[in-house]
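**Q** Give the three-dimensional model of this entry:
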Amino acid sequence: MTSSPTRVAIIGAGIGGLTLARILQLHKSAALSFTIYESDADASVRASAGGSLDLKYESGQRAMRDAGLHAEFMKLCRPVGEEMRILDKAGKVYHEETGNGMDLYNPEIDRSQLREIIFNSLEPGTVQWAHKATAVHRDTATGKYTIEFASGEKAENVDVVVGADGAWSHVRPLVWPGTNPIYSGITFLETKIETAKFPQFAPLVGKGIMLALADRKGIIAQQNASGMMTMYAAVRVPEEWAKTSAVARAETPGEQIERMLEHFEGWDDALRELVRVGEAPMLRPIYALPYDAAPRPATDNIVLLGDAAHLMSPFAGEGVNLAMADAADLAKTLISRMPLEKYEKLMRNRANVGGKESATNLEIFFKEDAASAVGALFKMPWGVMPLIKSYYYIRSFFS
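**A** Residues are numbered from 1 along each chain as shown. Now for the predicted structure:
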């Protein structure tokens, strides 16, 4: 008599969850069945979410190779010609990078494009939309799980639960009780800008990313492939500011942007105008999980990946790359029927490095004299590898 396949429930259809499903699908194992459960109503909800990211050769690109999608990725990525500019609040340039051959190892792609490539490769029905997980229960007698959804539906007889449900994961408390994201001290106001409408910003921003840093604040702009630019105005403020400040309480998008500009009095007019012309403003407090936690054993066939496991601030360019590396390693673990603890240890050790880098870089970028400090770093003759790493930290700012 043949045994029933191991049933895997993936909670969350972000890039990490989709990548895991794609690699499992490619393997076509009769010993595994899997379904993604996602709270969004359909794929269009986050179709244009996020900016650009650098997909790193050893992590994100490795996962795309494992998923059989690297050729599709290479058709859309932007391997060369990217630029980075570091300015102070007066518009003085402290460093300018016009790209180099290493871009071939970390090509850039819009987050929305990457997600679309992976989602479109999945078989119909793999993602169950409008399934917001609200509770997970384990039958101690059988070891099986039941997942309850907000709709009242249930997924029963689940063998392995994968929490790929992001920063505010509903699965995390079962694996890592009492641990919640911690506010980093930084909040962004994010907007979108149609580049064709504002050609005057092309010299300011360049073809990649521009960071104007001063007074423990920042105005950051990043080119996307879709003819759009993403702008982030960053301030160091208390956590409650995102709910109680004049910026948060503004009644219109225009008023919200003007209130934000009050935090950038005395900054260069062109930088302030970059903030002013943005559309669809959205406040984004930046959170992170503790990166120095001891490795945790997999808990009764529940594991985490991506932000659910190791949320970090975006200042090391590791978010999506780590989520995809997690997905590739977890897929191999499930396919080969290795203990989940092997995946957990590998994931945790890798994430601890990225978390430390992210926290360190946040402090560098939001110093009083951040532009000159970062510019000086690039001029140090002994710092060849630190310079290369710092370049990709900044280029990968929101991956």
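
**Q** Only C-alpha atoms from now on, for both contacts and neighbour counts.
**A** Will do.

**Q** Show me which residues of the longest strand along the chain are buried.
**A** Scanning the chain for the longest strand, with DSSP state E as the assignment, gives strand 182-194. Buried positions in strand 182-194, judged by neighbour count with 16 or more other C-alpha atoms under 10 Å: Tyr183, Ser184, Ile186, Thr187, Phe188, Leu189, Glu190, Thr191, Lys192, Ile193.

**Q** swap in stretch 230-246?
**A** Buried residues in stretch 230-246 (16+ other C-alpha under 10 Å): Thr230, Met231, Tyr232, Ala233, Ala234, Val235, Arg236, Val237, Glu239, Trp241, Ala242.

**Q** list the contacts for the nearest residue to the fifth one once chain neighbours are set aside?
**A** Put plainly, it is Ala234. Distance criterion C-alpha to C-alpha, 6 or more residues apart in numbering; nearest residue to Ala234, sequence neighbours excluded, is Phe188 at 4.4 Å. Residues near Phe188 by C-alpha atoms under 8 Å, 6 or more residues apart in numbering: Tyr232, Ala233, Ala234, Val235, Leu283, Arg284, Pro285, Ile286.

**Q** Helix, strand or coil: sort out the last one for me.
**A** Classification of Ile286 into helix, strand or coil gives strand, according to DSSP: H, G, I helix; E, B strand; the rest coil.

**Q** which one of the buried residues of stretch 230-246 sits closest to Glu258?
**A** Ala233 (11.8 Å; C-alpha to C-alpha).

**Q** I'd like the mean pLDDT over the longest helix along the chain, please.
**A** Longest helix in the chain, counting residues (DSSP state H): helix 340-365. Regarding helix 340-365, the rounded mean pLDDT is 89.

**Q** Remind me what that helix packs against, helices and strands.
**A** With contacts defined as 3 or more C-alpha pairs under 8 Å, 6 or more residues apart in numbering; DSSP states H and E, helix 340-365 has these neighbours: helix 307-310, helix 319-336, helix 370-379.

**Q** Can you add distance to Leu55 and pLDDT and give the buried residues of strand 182-194 back as JSON lines?
**A** Converted to JSON lines, those look like this (distance: C-alpha to C-alpha, whole Å; pLDDT from 0 to 100):
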{"residue": "Tyr183", "distance to Leu55": "26", "pLDDT": "97"}
{"residue": "Ser184", "distance to Leu55": "24", "pLDDT": "96"}
{"residue": "Ile186", "distance to Leu55": "25", "pLDDT": "97"}
{"residue": "Thr187", "distance to Leu55": "25", "pLDDT": "98"}
{"residue": "Phe188", "distance to Leu55": "23", "pLDDT": "98"}
{"residue": "Leu189", "distance to Leu55": "25", "pLDDT": "98"}
{"residue": "Glu190", "distance to Leu55": "22", "pLDDT": "97"}
{"residue": "Thr191", "distance to Leu55": "23", "pLDDT": "96"}
{"residue": "Lys192", "distance to Leu55": "22", "pLDDT": "94"}
{"residue": "Ile193", "distance to Leu55": "23", "pLDDT": "96"}
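
**Q** contacting residues around Ser151?
**A** His131, Lys132.

**Q** Need phi/psi at it.
**A** Torsion angles at Ser151 (phi, psi; degrees, to the nearest 10) stand at phi -70, psi -10.

**Q** so where do the helices sit in this protein?
**A** Under DSSP H, the chain gives helices at 15-27, 60-66, 70-76, 111-120, 172-175, 202-205, 241-244, 253-261, 269-276, 307-310, 319-336, 340-365, 370-379, 384-395.

**Q** and Lys89, which of the ones you listed is closest to it?
**A** From these, taking C-alpha to C-alpha, the stretch that ends up closest is helix 269-276, at 7.8 Å.

**Q** Run through who's touching the closest one.
**A** Contacts with helix 269-276, where a contact means C-alpha under 8 Å, 6+ apart, come from 89, 91, 191, 201, 212, 219, 231-233, 254, 257-258, 261, 264.

**Q** What about Leu362, how many residues nearby?
**A** Other residues within reach of Leu362, judged by other C-alpha atoms under 10 Å, total 17.

**Q** sorry, back to before: go through the buried residues of strand 182-194 and say which is closest to Glu123.
**A** Among these, Lys192 lies closest to Glu123 (C-alpha to C-alpha), at 32.5 Å.

**Q** circling back to that earlier point, minimum distance to Arg249: which of the helices and strands packed on helix 340-365 has it?
**A** Judging those by C-alpha to C-alpha, what sits closest to Arg249 is helix 307-310, at 28.6 Å.

**Q** Not counting its neighbours along the chain, what's nearest Gln223?
**A** Met229 is the one closest to Gln223 (C-alpha to C-alpha, 6+ apart), at 4.6 Å.

**Q** before we move on, what about Phe315?
**A** Ser358 is the one closest to Phe315 (C-alpha to C-alpha, 6+ apart), at 4.8 Å.

**Q** which intervals of the protein have sub-threshold pLDDT?
**A** Applying pLDDT under 70 to the chain flags residues 1-3, 47-50, 79-82, 99-105, 293-299, 380-399.

**Q** Quick check: the gap between the residue most central in space within the chain and Lys367.
**A** Nearest to the mean C-alpha position of the chain, by C-alpha atoms, centre = their mean, lies Gly319 at 4.0 Å. Per C-alpha to C-alpha, to the nearest Å, Gly319 is found 23 Å from Lys367.

**Q** Then Ser313?
**A** From Ser313 over to Lys367 the distance is 16 Å, taken as C-alpha to C-alpha.

**Q** Looking at the two, which one has more neighbours?
**A** Per other C-alpha under 10 Å, whichever of Ser313 and Lys367 has more neighbours is Ser313, with 26 against 17.

**Q** what sits against that one?
**A** Going by C-alpha under 8 Å, 6+ apart, Ser313 touches Ser184, Ile286, Tyr287, Ala288, Gly355, Ser358, Ala359, Leu362.
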